[in-house]
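In: sequence plus the predicted model coming up.
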Amino acid sequence: MAVNTEVKDLAKLYRDQFTVFNNVTYMNSCSQGALADSVRASFDTYLKTMELNGSAWGDWAGHQEKVRGLIAQFFNVPASEMAVTTSTSAAVASLASALDFSGKRKKIITTENEFPTIGQIWHAQESRGAKVIHVPSKNDLTVDMSALINAIDDETLIVSVTMVCFRNGTMTELEPIIEAAHKKGALVLVDAYQGVGAVPIDLSTLKTDFLVGGVLKYMLGVPGIGFMFARESTTKHLIPTTTGWFAARDIFAMDIHSYDPAKDARRFESGTPPIPSLYPAAAGMELLLEVGIHNIYNYVTPLHEELREGIESIGGKVVTPASRANHAAMLAVASTDEHAHVAALESEKVVTSSRDGNIRISPHFYNNREDVEKVIAAFAKHKSFLRN
């Protein structure tokens, strides 16, 4: 993916909307996106619906449709192919309940780079006849593409792969996996949680059957809202048994004598949505669409490069692959004591996070080169934690 040589200074344009930078150097968007003023104000909008009307179901249900439309616009697909859920876990659990493991196709092919939700939900299906196969990663932490593709056979029901590993930032090339799975008649689920909002994803061209994520990281929202794309042409035959009244064809029919799921992706939803979270989800998406995902990708790329060079210059090891084909929104730095290391960086007012023995650094469009310098200086001051 080519980097635009005329990159906008996004931090200069938008940073003043994120008050967290008045207090700390925030580099933890892989855990939670920084809070924008417009996202904060959206909570007041929700509260006013209660103050003015008490119960405002029309406004609340309408706001869910607004979020659905914004997410669909972001991915360049029809809103009818997007389910709004309470989390990625809820979305994948609903999908799993729609799969039939009683026939010839009972294999689930997945990787060692998955988030716990994915592995746990798939293994929970073993009591229903599923056979889960984990393809080991290579020494450089990338998915062994040849091994994964070779594992897909005529007994494979679904291939489940993460786009970006939450532990180390390794990104997987998706197109060859999707093509190989479809040749064998298998479905594909992409977990894009650690990529959405940081890396361009166009679902009109990326032919995965399902894609899941959530809004609380690079999409600038808050906990409580996940989503699942379900491609109508390849998934309309799947009807979940994990359901709720917001998954019904007519949510206000209130029918208790039959199961009448929606015909579109909404059938993968469940009960009453987390209404307060819908408002910041919409506000965050509106800001993200304004900034532009390609602008974000092009702006953040040099920040990643400068962070990598700076960490390596003081003797640190960045375990995230350097290739842009295998590197996305996060850098992971090897640490001798990840929890003490995070605390030491926090003492310098640098906010990061850790997983699997690594410190995770995740800049976004509101970060700038001064932030990069502060991060490198904090790592240098506490370089005894760096693991070679």
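Out: Okay, I see it.

In: what about the residue of the chain most remote from its centre, helix or strand, and which?
Out: In the chain, counting by C-alpha atoms, centre = their mean, residue 257 sits farthest out from the average C-alpha position, at 36.8 Å. Counting by DSSP states H and E, no helix or strand carries residue 257.

In: contacts for the longest strand anywhere in the chain?
Out: Among the elements of the chain assigned as strand by DSSP state E, the one spanning the most residues is strand 156-162. For strand 156-162, contacts defined as C-beta atoms under 8 Å, 6 or more residues apart in numbering pick out 99, 101, 105-111, 113-115, 118, 122, 130, 143, 148, 152, 172, 174, 177, 181, 184, 186-194. Every residue, glycine included, has its C-beta placed from N, CA and C.

In: for the lengthiest helix in the chain, buried residues please.
Out: Across the chain, the longest stretch assigned as helix under DSSP state H is helix 293-313. Across helix 293-313, burial judged by 16 or more other C-beta atoms under 10 Å covers 293, 295-301, 303-304, 306-308, 310-311.

In: then stretch 154-166?
Out: Within stretch 154-166, the residues that count as buried by 16+ other C-beta under 10 Å are 156, 157, 158, 159, 160, 161, 162, 163, 164, 165, 166.

In: pLDDT on it, on average?
Out: The average pLDDT for stretch 154-166 rounds to 97.

In: please give me every residue in contact with residue 144.
Out: By C-beta under 8 Å, 6+ apart, residue 144 lies in contact with 135, 136, 137, 138.

In: what is the closest residue to residue 147 other than its chain neighbours paired to in the beta sheet?
Out: Excluding the flanking residues, the one nearest residue 147 by C-beta to C-beta, 6 or more residues apart in numbering is residue 135, at 5.1 Å. Here residue 135 shows beta-bridge partners residue 111, assigned using DSSP bridges.

In: do I have it right that residue 135 meets residue 146?
Out: No. Taking contacts as C-beta atoms under 8 Å, residue 135 lies outside contact range of residue 146: 9.7 Å.

In: can you count the residues close to residue 175?
Out: Neighbours of residue 175 under the rule other C-beta atoms under 10 Å: 11.

In: look up how far residue 202 lies from it.
Out: Going from residue 175 to residue 202 by C-beta to C-beta, to the nearest Å gives 12 Å.

In: again with residue 284
Out: Taken as C-beta to C-beta, the span from residue 284 to residue 202 is 20 Å.

In: now swap in residue 300 and tell me
Out: The value you get for residue 300 to residue 202, if C-beta to C-beta is used, is 18 Å.

In: can you show me the strands along the stretch 151-300 of the chain?
Out: Using DSSP state E, counting those that start in this stretch, the strands found in the stretch 151-300 of the chain span residues 156-162, 187-191, 210-214, 226-230.

In: now the second one - C-alpha only, CSV.
Out: The C-alpha coordinates for strand 187-191 follow below in CSV (Å, rounded to 0.1, in the frame of the first residue of the first chain):
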residue,chain,number,x,y,z
LEU,A,187,-16.6,-19.9,5.0
VAL,A,188,-14.2,-17.3,6.4
LEU,A,189,-14.4,-15.2,9.6
VAL,A,190,-12.0,-12.4,10.0
ASP,A,191,-11.4,-10.9,13.5
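
In: and the closest residue to residue 238 other than its chain neighbours, what is it in contact with?
Out: The shortest distance from residue 238 to any residue other than its chain neighbours is 4.0 Å, reached at residue 98 (C-beta to C-beta, 6+ apart). Listed by C-beta under 8 Å, 6+ apart, the contact set of residue 98 reads 238, 239, 240, 241, 268.

In: can you give me the helices for this structure?
Out: So, for the chain - with DSSP H - the helices run 10-14, 37-53, 57-75, 88-98, 116-124, 145-151, 175-183, 232-235, 275-291, 293-313, 338-347, 369-381.

In: who's more crowded, residue 284 and residue 202?
Out: Per other C-beta under 10 Å, whichever of residue 284 and residue 202 has more neighbours is residue 284, with 27 against 11.

In: before we move on, the earlier item: now distance to residue 88 too, for the strands of the stretch 151-300 of the chain, in JSON lines please.
Out: Output for those, formatted as JSON lines (distance: least, C-beta to C-beta, whole Å):
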{"stretch": "strand 156-162", "distance to residue 88": "11"}
{"stretch": "strand 187-191", "distance to residue 88": "7"}
{"stretch": "strand 210-214", "distance to residue 88": "5"}
{"stretch": "strand 226-230", "distance to residue 88": "4"}
